[in-house]
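> dropping the sequence and predicted coords here.
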Protein chains: 4
Amino acid sequence: MQIGMIGLGRMGADMVRRLRKGGHECVVYDLNVNAVQALEREGIAGARSIEEFCAKLVKPRVVWLMVPAAVVDSMLQRMTPLLAANDIVIDGGNSHYQDDIRRADQMRAQGITYVDVGTSGGIFGLERGYCLMIGGEKQAVERLDPVFRTLAPGIGAAPRTPGREKREGTAELGYLHCGPSGAGHFVKMVHNGIEYGLMAAYAEGLNILHHANAGKEGQGADAETAPLRNPDFYRYDLDLADITEVWRRGSVISSWLLDLSATALLDSPDLQEFQGRVSDSGEGRWTVAAAIDEGVPAHVLSSALYERFSSRGEDDFANRLLSAMRYEFGGHREKS
Amino acid sequence: MQIGMIGLGRMGADMVRRLRKGGHECVVYDLNVNAVQALEREGIAGARSIEEFCAKLVKPRVVWLMVPAAVVDSMLQRMTPLLAANDIVIDGGNSHYQDDIRRADQMRAQGITYVDVGTSGGIFGLERGYCLMIGGEKQAVERLDPVFRTLAPGIGAAPRTPGREKREGTAELGYLHCGPSGAGHFVKMVHNGIEYGLMAAYAEGLNILHHANAGKEGQGADAETAPLRNPDFYRYDLDLADITEVWRRGSVISSWLLDLSATALLDSPDLQEFQGRVSDSGEGRWTVAAAIDEGVPAHVLSSALYERFSSRGEDDFANRLLSAMRYEFGGHREKS
Amino acid sequence: MQIGMIGLGRMGADMVRRLRKGGHECVVYDLNVNAVQALEREGIAGARSIEEFCAKLVKPRVVWLMVPAAVVDSMLQRMTPLLAANDIVIDGGNSHYQDDIRRADQMRAQGITYVDVGTSGGIFGLERGYCLMIGGEKQAVERLDPVFRTLAPGIGAAPRTPGREKREGTAELGYLHCGPSGAGHFVKMVHNGIEYGLMAAYAEGLNILHHANAGKEGQGADAETAPLRNPDFYRYDLDLADITEVWRRGSVISSWLLDLSATALLDSPDLQEFQGRVSDSGEGRWTVAAAIDEGVPAHVLSSALYERFSSRGEDDFANRLLSAMRYEFGGHREKS
Amino acid sequence: MQIGMIGLGRMGADMVRRLRKGGHECVVYDLNVNAVQALEREGIAGARSIEEFCAKLVKPRVVWLMVPAAVVDSMLQRMTPLLAANDIVIDGGNSHYQDDIRRADQMRAQGITYVDVGTSGGIFGLERGYCLMIGGEKQAVERLDPVFRTLAPGIGAAPRTPGREKREGTAELGYLHCGPSGAGHFVKMVHNGIEYGLMAAYAEGLNILHHANAGKEGQGADAETAPLRNPDFYRYDLDLADITEVWRRGSVISSWLLDLSATALLDSPDLQEFQGRVSDSGEGRWTVAAAIDEGVPAHVLSSALYERFSSRGEDDFANRLLSAMRYEFGGHREKS
């Protein structure tokens, strides 16, 4: 079927390529003309304006947005007057699910159906396929089924879960209608929250291995520093590239994130090209906020998020206050 | 080559089977005669006593212990007089790596080599192979190479890490000589610490999805309970079996633990056959202790551990004290 | 000056008494007639309806609301038509500061000034005075100064901070104009967030002392339970009532919450009259939400909050999933 | 009575002064001759060597050690030959309680009694008195009662806990015999663990207040940074010196650590003279290790400890790995 794609960044452009390879017809648009031209050179129809984009799409239109969450609302505002009843707009980016609920209501009033799709897959999606978590009205989701089926990895991408054959549905194909508006991004949000937690678990564990030679360093004995009680227990120089590699086969902690860690550590054992200022793009925060709203504990997911904040120095004032208190009650001066 | 196996529980018996299938000759012993007989019926040589066991092994012997960590020392004490110089004893269980260091020293004094092997794989190891993390002297580890090679999953068990072909070593085969005595169990310990963290990340995230319908329940308004500010944002009834299934293909958080979660939730969406009292078998604790000794943060790994403690009610007194304080300053009575 | 008080619960009634003792004239109202009558018997003017209440107040009126956060909006809606320009309405309860911002805007449109006051002090406030954190317009806050001065503990309630004499302001008296609308409840919110953290620190620490005899209990040795490596190090039977008492004098951790803990433990060393289901009334959640919005780490405050959630069983599904995963990969059955 | 003091640092010298003021006779020694001379100028008997020190003490001797934990063992080794049966040695520093158990056994073999005393009070102890947590044999502790009574703050240092009058004991005086050898330092260890947690709670909360103006800063909209959903809710410029001051009177979170925070923030609102590299001197680590040994959760105390580790950059490698993973799966480059 025909799909219009707005937003030709890392993800959007590759999704267009995967859709085309799957036999779909695409029309593409991006504020950045170069991005449009790049796909035009591959034989895909491009547009130079939103107006042209909407005009090139056959009614009822299917428009997929793959733009930063912060610009979705302004994009919808510009585009809505150009759309018609029965058109479908899909937000495949990282919107907050609460915005989805609002937008779906607003667009429903004009006869347009808004579908939210959480998309995971990163830069490997073109080849591996994209895991799609979908929210919105059943009818629209069913209409889009051929699109989702093409973008998703397909059943062959993983060994079958024992017993799954008894059950229908698309989950095994790598896409899932999770529920009404917002459900797609809600599930994607928690997916990313879990991702933060998994990443932090590997990072903390590998950091412990990285410091397994702590007993080799000399340590002073004064009132301010805790000496290592048994330095002999920490004299290992471990090869993290090999360790992450060995864990990839047969261990309980094998995963795609471990695969990526093994790649990164093979290329650069000390990771010196990174500073360790870790970004966060919203979903981790929203996941924790949801946990709090629901009143369920999320120690690990929160800690993973806070470690990113700390990596960017956001704990600076708090730490200075700790040193100030120590100075006040004990006359302790900071060590540098 | 010939290997003697002591401890024919879940893991030990299957390792014997995998070794035999790989062309090795095994002699087995267990305090439980039934376990020995079961393998004898499969054509494997059994022993009725430690003495018989040691006598059946050709010198220099290779003895693999697959017994609970708490009985390794007594087993070594009984067995050592029956061993001779150049014999190798492997502890493949979940010993504390600091015990390995001590034991290796003790046995070295008698000419026996002690090798520690952290073994991951669980009940699937017979088929998938076991991930082996090895500590001890290079010479002994090299002598055991055929054994490790058979037990490990082999290179085909995972797609090759890009660039790995330029590098030698056994990590890709699923076994690794990590360092001197204790290094094998040290790496396995941290492996398990990470495992706790990964499991907790999935568990917390899925719990948030499980409670995504919190806005559907009625909530009272009084001074003791925080009302949900926006119940409309929490009205989703999500199918966790489908969601864990869809994440298995193409998503960033795919992993073996996720595969297992999908299986568990397919079989039992509410997991009612579990009470939620989660055991811990030591390595998670030791990982956190190592982090503290090294002075490196481990928020996530610690939280994962503590959540298990709390699941068993170990926070009970602390919680009663919180309620007592609230009563003291605010006259707040507990709600039941 | 004259103040009208709506809400004669624990806090409201005692604040009226403290105001009266300080020479102010009070008019009181509550949906519960008994509460009104109780104060009338002490010679304070009561009202049987909002209308009567507003009529008895001299213009420009000063109305103090001391009602559950969840009913403030409906109360304001009923009352606003009865108020006039230049009246002041104070919300002294535990409102979310974001509601304050909205309400102040709404009431400003009608010439009424809304002031938010975070009030700490609990059931001891009548005697000790109340710590007041105030948000709103400067002019209104200044007009209310005599009220705040009476309610607050006064400078004698704590030894003077060295150097404070050089600085003006009311902070030393126990009340503070923190900033524009919402600032009072924002500061109170974080105050309560800190309170959660402090309480949890004591509770965790005392729980460690409570279990200092862990080495006295017999412990089995199997593959599921981590044995205590050195039981001899945990053979203390500690008297927590005495320990909290001794910490009250001269130690770094002396505090009012410690005083209360000492009282609670003196009365009931095992706290058996509490179940350990710990309520939370919103501010702890909002504090964590604010930390996330600001992007600053709050490991401790979040953990304190989550421990309360767990105390009420909200981690139940997560724990069952952990046991389910353990069963899937290791065949581990739960221990009961 | 006569007491010998070894170690005339911050704490030791002031304890000598307080003892002398309380009518006790002191003999002092320190490797640093200047420290000895300073007290000699105040009329206190000094010694130039351990031998002279021991010789000046009347048998049975009472020797109080106030030296870094790391040098206690070597000091005991040097001193033991100079001591005699029935002498008492007190370790008043921050020793690990497990060392106390060992030392008490070793010295008991020679007829010497070892008493462990956890001492809290910091640089204010001379004036406020020291909170003393004592472990060891009853008889020796009773013999030392006059010393403890003088050093402790006394009953007047805090308002009496309601109901305390019915109960005997010294806890109200500010010193307590907690149990057998090690019990004093065990309780002091947990005291410090709690201290870490309390400090972190204040630091995190005040950091949230410090960033309450986050909505005033401009924030870009891209795929890497989570934008603030409602900047209008974070436009407060709060005065932390005033806020900590106002909390000192009447609030639930008043404490000595809050008093010190108010002092620090009054002197230096931005705490720019501190870098925020926070030391830890051992007890926080040991408290967490004890929690893990006992199998009780300690989310808050651990987080407080880890925040100190992170403040010193010990999370650096972990953070670089997080950035590396993000680069691998999403092509995300770090922002600087």
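Noted; the coordinates are in hand.
> how close does the nearest residue to A:G169 once chain neighbours are set aside get to A:F274?
Closest residue in space to A:G169, ignoring its immediate chain neighbours: B:D242 at 6.1 Å, by Cβ to Cβ, 6 or more residues apart in numbering or on different chains. To be clear about C-beta, it is placed using only N, CA and C from the backbone, and glycine gets the same treatment. Distance check for B:D242 against A:F274: by Cβ to Cβ, to the nearest Å, it reads 36 Å.
> A:F274 sits in which helix or strand?
In the assignment (DSSP states H and E), A:F274 maps to no helix and no strand.
> doesn't D:E328 make contact with it?
No - using Cβ atoms under 8 Å, A:F274 is not in contact with D:E328; the gap is 11.1 Å.
> who's in contact with the residue of the stretch 1-150 of chain A found nearest chain C?
Taking Cβ to the nearest Cβ, chain C has its nearest neighbour within the stretch 1-150 of chain A at A:H96, 12.5 Å off. A:H96 sits next to A:69, A:185, A:189, A:282, A:286, D:229 when contact means Cβ atoms under 8 Å, 6 or more residues apart in numbering or on different chains.
> what does the model give it for pLDDT?
At A:H96 the predicted local confidence, pLDDT, stands at 96.
> quick one: the strands in chain A, in order.
A:2-6, A:25-29, A:45-46, A:62-65, A:88-91, A:113-120, A:131-135, A:175-179 (DSSP state E).
> the fourth one pairs with which strands?
Going back to what we said before, that points to strand A:62-65. Using DSSP bridges, the strands paired with strand A:62-65 are strand A:2-6 (parallel), strand A:88-91 (parallel).
> what residues does that strand touch?
With Cβ under 8 Å, 6+ apart, strand A:62-65 has contacts from A:1-7, A:12, A:15, A:54, A:57, A:72, A:75-76, A:79, A:83, A:87-93, A:143-144, A:147.
> what is the mean pLDDT for it?
98.
> check the first one too.
Along strand A:2-6, the predicted confidence averages to a pLDDT of 98.
> contact partners of it?
Strand A:2-6 is contacted by residues A:12, A:15-16, A:19, A:24-30, A:50, A:53-54, A:56-58, A:61-67, A:75, A:79, A:147 when judged by Cβ under 8 Å, 6+ apart.
> need the buried ones from these selected in ChimeraX.
Per 16 or more other Cβ atoms under 10 Å in any protein chain shown, the buried members of the contacts of strand A:2-6 correspond to this ChimeraX selection:
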select /A:12,15,16,19,24,26,27,28,29,30,50,53,54,56,57,61,62,63,64,65,66,67,75,79,147
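> give me the domain ranges for chain A.
Listed by the TED database, the domain ranges of chain A are A:2-180, A:188-238+A:275-330.
> closest one to A:T263 among the ones you listed?
Of all the domains of chain A, it is domain A:2-180 that lies closest to A:T263, at 11.4 Å by Cβ to Cβ.
> can I assume A:L265 is in contact with A:L240?
Yes - the criterion here is Cβ under 8 Å, and A:L265 meets it with A:L240 at 5.0 Å.
> is it true that A:F53 touches A:V27?
Yes - shown here, A:F53 and A:V27 form a contact pair, counting by Cβ under 8 Å, at 6.2 Å.
> overlap in contacts of those two?
With Cβ under 8 Å, 6+ apart, A:F53 and A:V27 have common neighbours A:4, A:47.
> touching chain B at all, stretch A:171-179?
Yes - contact of stretch A:171-179 with chain B (Cβ under 8 Å from any Cβ of the partner chain) involves A:171-176, A:178-179.
> weed out the non-buried ones from those.
Using 16+ other Cβ under 10 Å, the buried ones in these are A:171-176, A:178-179.
> save those residues as a markdown table, and put in distance to B:E165 and pLDDT too.
As requested, those are exported to a markdown table (distance: Cβ to Cβ, whole Å; pLDDT from 0 to 100):
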| residue | distance to B:E165 | pLDDT |
| --- | --- | --- |
| A:A171 | 36 | 98 |
| A:E172 | 33 | 97 |
| A:L173 | 33 | 98 |
| A:G174 | 30 | 98 |
| A:Y175 | 35 | 98 |
| A:L176 | 37 | 98 |
| A:C178 | 41 | 98 |
| A:G179 | 45 | 98 |
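> can you give me the helices in chain A?
Secondary structure of chain A, counting by DSSP state H: helices at A:10-21, A:33-40, A:50-56, A:72-79, A:97-108, A:125-128, A:138-143, A:145-151, A:183-210, A:240-247, A:256-267, A:283-294, A:299-311, A:316-330.
> pipe the ones you listed into CSV and attach distance to D:G154 per row.
Listed next are the helices of chain A as CSV, based on distance: least, Cβ to Cβ, whole Å:
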stretch, distance to D:G154
helix A:10-21, 70
helix A:33-40, 77
helix A:50-56, 80
helix A:72-79, 66
helix A:97-108, 58
helix A:125-128, 71
helix A:138-143, 75
helix A:145-151, 76
helix A:183-210, 46
helix A:240-247, 57
helix A:256-267, 59
helix A:283-294, 45
helix A:299-311, 42
helix A:316-330, 20
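> lowest-confidence stretch among the domains of chain A?
Averaged per stretch, pLDDT over the domains of chain A is lowest on domain A:188-238+A:275-330, reaching a mean of 92.
> how many neighbours does A:M199 have?
Other residues near A:M199 come to 30 when the count uses other Cβ atoms under 10 Å in any protein chain shown.
> swap that for A:G197, sorry
With other Cβ under 10 Å as criterion, A:G197 counts 32.
> swap in A:L126?
A count of nearby residues for A:L126, using other Cβ under 10 Å, gives 16.
> quick one: it from C:R312, how far?
A:L126 is 46 Å from C:R312, by Cβ to Cβ.
> and for A:V71?
Going from A:V71 to C:R312 by Cβ to Cβ gives 41 Å.
> one more: A:I3?
47 Å.
> quick one, which of those two is more surrounded?
A:I3 (25 against 19).
> grab the nearest non-local neighbour of that one.
A:V62 (5.0 Å).
> tell me what the one you found is bridged to.
A:I88.
> distance of it from chain D?
To chain D, A:V62 is 23 Å away according to Cβ to the nearest Cβ, to the nearest Å.
> give me every residue in the stretch 151-300 of chain A lying close to chain D.
The interface of the stretch 151-300 of chain A toward chain D, taken as Cβ under 8 Å from any Cβ, is made up of A:199-200, A:202-204, A:206-207, A:210-211, A:221-227, A:229, A:256-257, A:260-261, A:263-265, A:268, A:271-272, A:274-282, A:285, A:299.
> make a ChimeraX selection of whichever of those residues turn out to be buried.
Selecting only the buried entries of these in ChimeraX, with 16+ other Cβ under 10 Å as the criterion:
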select /A:199,200,202,203,204,206,207,210,211,223,224,225,226,256,257,260,261,263,264,265,271,274,275,276,277,278,279,280,281,282,285,299
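> contacts with chain C among the residues of the stretch 151-300 of chain A next to chain D, please.
Counting by Cβ under 8 Å from any Cβ, the members of those near chain C are A:280, A:285, A:299.
> distance to D:K166 added to the residues you listed, as CSV?
Shown next, in CSV, are these (distance: Cβ to Cβ, whole Å):
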residue, distance to D:K166
A:D280, 56
A:R285, 52
A:H299, 41
